[in-house]
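# Coordinates only, no sequence provided:
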């Protein structure tokens, strides 16, 4: 059996019941179950529809995300999440670069790296090099004034953890930020790169080895093995090219507001919903959300 989930942005809440029923009828699905009125609904299917991506494309124009996945095992036991533009709404290195007066240059490099156009390690070293001389106090300033959580993150973490799941934050960004975000949202552990500091200033160098695509894959393997979980027990979420390895390996790899080249390689694409979409696709109703 398969489950088709339709959802919209929570602040739009414009999921038309007639649209859900029309698709359910066209695909021969079971009765629709509403996970949140006007926001998220699901129905069961006997087989995977041949035209799901055509329908997906049509629904995107209406601001509706469509996810079709096997029913068995869709409620996951582990969350492995990227941080920048996933659990938070910014790219930390871009915010630091603004403080250094090189924001435009660094943002361009970041965008190209996340789209897979540049080698991640080289792009990170180049960007960090442009931060040399910034006072280390700028990190606290950016955290306090520039960083905002992605909507739905608190509910996602609280609900999955209330149901026994483990949560790990694995970022190509920096420990100075992941430690704060992990503590704020309730992640069980976090892994990231280290900005090197000397005499109260950023040196323009990053600690080695650099945590990039392969390190995220390694984290999935290591943590799931430690917890005696299979890769199918894992939901991974990210938006950039350096997330693709873990997204492909996880039982559910979610491309969240991802770069087009990244989303195209994932079966679960969330372009309109927020992080609560990761709960809906596991079958959680809004009435089951914790921490809200």
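Okay, I see it. Note that the coordinates shown come from a computational prediction; the quantities given were computed from them, not determined experimentally.

# and residue 58, what helix or strand is that in?
helix 52-60 (DSSP states H and E).

# can you list contacts of that helix?
6, 19, 23, 49, 65-66, 68, 269, 271-272 (CB atoms under 8 Å, 6 or more residues apart in numbering). Every residue, glycine included, has its C-beta placed from N, CA and C.

# switch to 7 Å and redo it
23, 66, 68, 271 (CB atoms under 7 Å, 6 or more residues apart in numbering).

# Show me those residues that map onto strands.
66, 68 (DSSP state E).

# related to what we said a few turns ago, for the helix holding residue 58, buried residues please.
For helix 52-60, the neighbour count (16 or more other CB atoms under 10 Å) marks 52, 55-56, 59 as buried.

# swap in stretch 1-11?
Result for stretch 1-11 [16+ other CB under 10 Å]: buried residues 2-10.

# can you put those residues in JSON lines and add secondary structure and distance to residue 137?
Converted to JSON lines, the buried residues of stretch 1-11 look like this (DSSP: H, G, I helix; E, B strand; the rest coil; distance: CB to CB, whole Å):
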{"residue": "2", "secondary structure": "strand", "distance to residue 137": "52"}
{"residue": "3", "secondary structure": "strand", "distance to residue 137": "49"}
{"residue": "4", "secondary structure": "strand", "distance to residue 137": "50"}
{"residue": "5", "secondary structure": "strand", "distance to residue 137": "45"}
{"residue": "6", "secondary structure": "strand", "distance to residue 137": "47"}
{"residue": "7", "secondary structure": "strand", "distance to residue 137": "41"}
{"residue": "8", "secondary structure": "coil", "distance to residue 137": "41"}
{"residue": "9", "secondary structure": "coil", "distance to residue 137": "36"}
{"residue": "10", "secondary structure": "coil", "distance to residue 137": "36"}
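
# Can you redo those residues as TSV, where the extra columns are distance to residue 213 and pLDDT?
Shown next, in TSV, are those (distance: CB to CB, whole Å; pLDDT from 0 to 100):
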residue	distance to residue 213	pLDDT
2	30	98
3	30	98
4	31	98
5	28	98
6	31	98
7	28	98
8	31	98
9	29	97
10	31	96
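
# Nothing else from me, thank you.
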